[in-house]
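# need a 3D model of the following:
(one chain, ligands or ions: 1)
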Amino acid sequence: MIPFREIEETATKDVVKDHNINTMQIKSKSPEEILILFKEKNIDENWTFIEYKPSDTGKWTHSYHRYPAKFIPQLVEKLIDEYISSEYAQINDPFMGCGTTIVTAISKGFKASGTDINKIAYLITKVKSTPIEPVYLDRKIKHLLAKLQFLESSQNSLFRTNIEPLIPQKHLERINYWFIEQNKNELGIILKAICDEEDETIRDFFLIAFSHILKNCSIWLQGSTKPTRDLKKISTKPYNMLKRHLKKMQRGNNSFYQIIPQKIKDNLREYLNIKIQDAKKQPVNDNTVDLIISSSPYVTSYEYADLHQLSTLWLDFADNLSEYKKEFIGSAYKYCNDKKLKSNIAQDIVDKMQKKSRKMAKEIETFFIDMQEVFDESYRILKNGGRCCYVIGDTKLKGVGILNAEVFAESLQYSGFIVDRIIKRKIPLKILPQKRDLKTGRFANNHEANSEAYPIEYIVIGLKE
Ligand SMILES: C[S@@+](CC[C@H](N)C(=O)[O-])C[C@H]1O[C@@H](n2cnc3c(N)ncnc32)[C@H](O)[C@@H]1O
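Prediction:
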């Protein structure tokens, strides 16, 4: 294979034309053509969404729960508006995260399907996509808060209750690591009151509020996505934070409820088909999906299982965190599989990384092999004429360019897709992802690192003809 530098020097500019939606498509592109295509791509300002305020990006149920690397809903809305014309469409996301694609599809009256291997991601998505009748929800929230109101002020309030704290004993050591005694007991009482709620929809709604407040109520270093303790942190009192967050979620639900088409409110089960499952296995039949909008995990970046460990511990989602991590694509803990890389661009990246770190080279190889299988699955479920849109950024690790987007474009072709369109978008500063620690390659706090991770990203769109 030709190394990248040689390609750049020898290629003439007219080899590859810009592939906008209306231009002629060259059926299959060589790896070299793909590299040039990306190199010559200009930023499309229509996809920056700089004009949207946090109240726009966090509208409806979108601010129920923090989630790293989540979409802004406006990006998903624009893709749906451009590509979907039938009112009976089905939209899919194999890596749902906190459910931006799923919520947006439901809000527009479409069927939504998808997966996430992360149990908390599944629960967030489920709750965010489920509109609740506002008067009923109001009654339920008031009832819960009234039951727990004794926690509002006094330090000794814990002794004035007959609610037995529910603290998962098998995770007690880790919970003690992250929570001061007072907050641990208060959270245990709150969790018990939530679990006593009989209506599953309401219980899940409360559990998401509970999960969201855990970080503030712990000694997890505020502002850090990495699991780091701050022993000087004055953690927030759980009841007060729960009350505030429930009110916020309630406002979100009420505006979501208003915009959801009646047919979905009447029969949500028929429209929402989501599972805790590997992205390589979607819960839908062949040739049934109209559009896939997704953003995959990145290799050696977020360890999602680590990031959500407070929720995983309290909600008892994994007996063994190390085993759980192995199921996550892009995780450093994932087992390598025995399949071979198909992408030449990926192979070149792996070869370069071999010289710097064999371990990292293996992680990158595993990641791209996994993604190839996800693209095969995307191809299986899409209808002819359907498209998959993968949002992804390039980065650098140990000085090696990790051309994720270029690899995705090449890999989509091996799954049978035509590379239909590449959109290059700037990520506005206010939502710029974190920077990388140059030594470890992992995401770090902005003040700790000096290399920008993903200032721009691509939407790589494959068409199944
Ligand atoms: C970049 S996030 C998606 C964010 C999403 N677009 C949103 O708006 O919230 C990638 C997701 O992939 C999930 N993931 C990692 N490995 C997976 C696997 N094997 N199968 C399904 N999902 C997986 C992670 O849990 C994470 O939620």
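# any idea which helix is longest in this protein?
Longest helix in the chain, counting residues (DSSP state H): helix 358-381.
# is the helix or strand following that helix in proximity to the ligand?
Per DSSP states H and E, the first helix or strand lying C-terminal to helix 358-381 is strand 382-392. No - with CB under 6 Å from any ligand atom as the criterion, the ligand is not reached by strand 382-392; the gap is at least 7.2 Å. (Glycine included, C-beta is placed from N, CA and C.)
# would you confirm that residue 44 contacts residue 425?
Yes - with contact defined as CB atoms under 8 Å, residue 44 reaches residue 425; the gap is 6.2 Å.
# backbone torsions only: list them for whichever residue of the stretch 151-300 of the chain sits closest to the ligand.
Residue nearest to the ligand within the stretch 151-300 of the chain (CB to the nearest ligand atom): residue 279, separated by 3.6 Å. Here is the backbone geometry of residue 279 (degrees, to the nearest 10): phi -60, psi -20.
# for the residue positioned nearest the centre of the chain, which residues are in contact?
When CA atoms, centre = their mean is applied to the chain, the residue found nearest the centroid is residue 97 (2.9 Å). Residues near residue 97 by CB atoms under 8 Å, 6 or more residues apart in numbering: 67, 69-71, 116, 118, 121, 125, 295.
# what strand or helix carries it?
Residue 97 belongs to no helix or strand, assigned by DSSP H and E.
# hmm, which two among the contacts of residue 97 are most spread apart?
Farthest-apart pair in those is 71 and 118; separation 15.7 Å (CB to CB).
# any idea of the pLDDT on residue 25?
On the pLDDT scale, residue 25 is placed at 47.
# ok, residue 44 and residue 425, which is more surrounded?
For residue 44 versus residue 425, neighbours defined as other CB atoms under 10 Å are more numerous around residue 425 (19 against 14).
# what about the more buried one, which SS state?
With DSSP: H, G, I helix; E, B strand; the rest coil as the basis, residue 425 sits in strand.
# find the nearest non-adjacent residue to it, please.
residue 47 (3.9 Å; CB to CB, 6 or more residues apart in numbering).
# what sits against the one you found?
Applying CB under 8 Å, 6+ apart, the residues contacting residue 47 are 75, 78, 423, 425, 459.
# make it 10 Å
74-75, 78-79, 391, 423-426, 457-459 (CB atoms under 10 Å, 6 or more residues apart in numbering).
# tell me the one of the residues you listed nearest the ligand?
Distances from the ligand to the contacts of residue 47, taken as CB to the nearest ligand atom, are shortest for residue 391 (7.2 Å).
# how much space between that closest one and residue 377?
17 Å (CB to CB, to the nearest Å).
# ok, residue 284 next?
10 Å.
# mind telling me which residue of this protein is nearest the ligand?
residue 97 (2.5 Å).
# show me which of the contacts of residue 97 neighbour the ligand.
Answer for the contacts of residue 97 near the ligand (CB under 6 Å from any ligand atom): 67, 69-71, 116, 118, 121, 295.
# quick one, strands of the stretch 301-450 of the chain?
Per DSSP state E, counting those that start in this stretch, the stretch 301-450 of the chain carries strands over the ranges 382-392, 395-397, 400-402, 418-426, 435-436, 443-444.
# next: the stretch 51-200 of the chain.
90-93, 111-116.
# would you confirm that residue 113 contacts residue 93?
Yes - Residue 113 lies in contact with residue 93 (CB atoms under 10 Å); the separation is 8.0 Å.
# when the two are compared, which one has more neighbours?
residue 93 (29 against 24).
# beta partners of the more buried one?
Residue 93 forms beta bridges with residue 114, as assigned by DSSP bridges.
# that one contacts residue 274, correct?
Yes - with contact defined as CB under 10 Å, residue 93 counts as touching residue 274 (8.8 Å).
# what sits in contact with each of the two?
99, 102, 112-116, 125.
# give me the low-pLDDT residue ranges for the protein?
Where the chain drops to pLDDT under 70, the residues are 1-26, 154-160, 335-337, 429-454.
# near the ligand, which residues of it are found?
Applying CB under 6 Å from any ligand atom, one finds that the chain approaches the ligand through 67, 69-71, 95, 97-98, 100, 115-118, 121, 278-279, 295, 297, 304, 327-329.
# make it 5 Å
67, 69-71, 95, 97-98, 100, 116-118, 121, 278-279, 295, 297, 304, 328-329 (CB under 5 Å from any ligand atom).
# what about those residues, which are in helices?
Counting by DSSP H, the residues of the chain next to the ligand place 100, 121, 304 in helices.
# and the last one, what does it touch?
Contacts of residue 304 were listed using CB under 10 Å, 6+ apart, and they are 67-69, 95, 97, 116-118, 120-121, 297, 324-325, 328-331.
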